[in-house]
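Colleague: this one's structure only:
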Ligand code: AMP
């Protein structure tokens with residue numbers, strides 16, 4: 001059977017990171033987080049890292065062409081080809097989504113689905129205020145969430161139009177949310 005290729009979407013504070021690692025354990029997928037890849041490039045001081053740092057510090061998006069190149073290279077690596085992938089943080093724009101469709105189409109492994117882990121804005125704000133990080137003022141949190149909303153709304157439509165989007169209720173315990181996500185993935189696999 002062809003390896004599974006999934007995208008996960010969700011607001012900051014939705015529990016997406018935790019659920020990604022649980023899904024990796026459950027299905028043997030490779031977790032590819034573009035935010036993590038960029039942070040590693042920044043830490044390693046590569047040319048990409050130096051360019052990305054300025055953009056990330058300003059809270060902007062790294063250009064689509066750069067991101068599409070990084071992801072195409074990562075998806076062609078043997079671990080992803082063999083085990084499949086859960087993409088986290090990519091695509092972030094409809095242009096990236098089109099590029100992903102082309103990459104996976106060319107590889108003969110079309111995208112199986114996009115899971116949107118849905119947690120209401122007021123709940124993620126309360127969760128982030130609760131963890132008490134200094135950069136987590138209510139104003140900063142709202143600014144990051146507003147950016148997510150404006151970036152992501154067109155993407156949700158893009159996936160929905162292609163019949164790829166499933167919205168999963170992200171409220172509840174980690175185990176409860178995992179059961180819901182697994183029901184969707186099992187449905188895709190069956
Ligand atoms: P994240 O950890 O996914 O929130 O990503 C951290 C930062 O990396 C974002 O604020 C962007 O500046 C950059 N970034 C990550 N993924 C992408 C992407 N797919 N397109 C553009 N910029 C990205």
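Modeller: The structure has been received and is ready for your questions. This one's a predicted model, so the numbers in the text were calculated from it and none came from an experiment.

Colleague: And the pLDDT at whatever residue of the chain ends up closest to the ligand?
Modeller: Residue of the chain nearest the ligand, by CB to the nearest ligand atom: residue 35 (2.1 Å). Placement of C-beta: from N, CA and C, glycine included. Per-residue pLDDT puts residue 35 at 93.

Colleague: contacting residues for it?
Modeller: Going by CB atoms under 8 Å, 6 or more residues apart in numbering, residue 35 touches 88-89.

Colleague: On the three-state scheme, it is what?
Modeller: helix (DSSP: H, G, I helix; E, B strand; the rest coil).

Colleague: Identify the residue nearest the one residue sitting closest to the centre of the chain in space, chain neighbours excluded?
Modeller: Most central in the chain under CA atoms, centre = their mean is residue 88, positioned 2.2 Å from the mean C-alpha point. Once flanking residues are discounted, residue 88 sits nearest to residue 33: 4.3 Å by CB to CB, 6 or more residues apart in numbering.

Colleague: do residue 10 as well
Modeller: Nearest to residue 10 is residue 117, by CB to CB, 6+ apart, at 3.5 Å.

Colleague: List the residues that contact the one you found.
Modeller: Residue 117 neighbours (CB under 8 Å, 6+ apart): 8-10, 14-16, 19, 168, 170, 177, 181.

Colleague: which among those end up buried?
Modeller: Among the contacts of residue 117, those scoring as buried are 8-10, 14-16, 19, 168, 170, 177, 181 (criterion: 16 or more other CB atoms under 10 Å).
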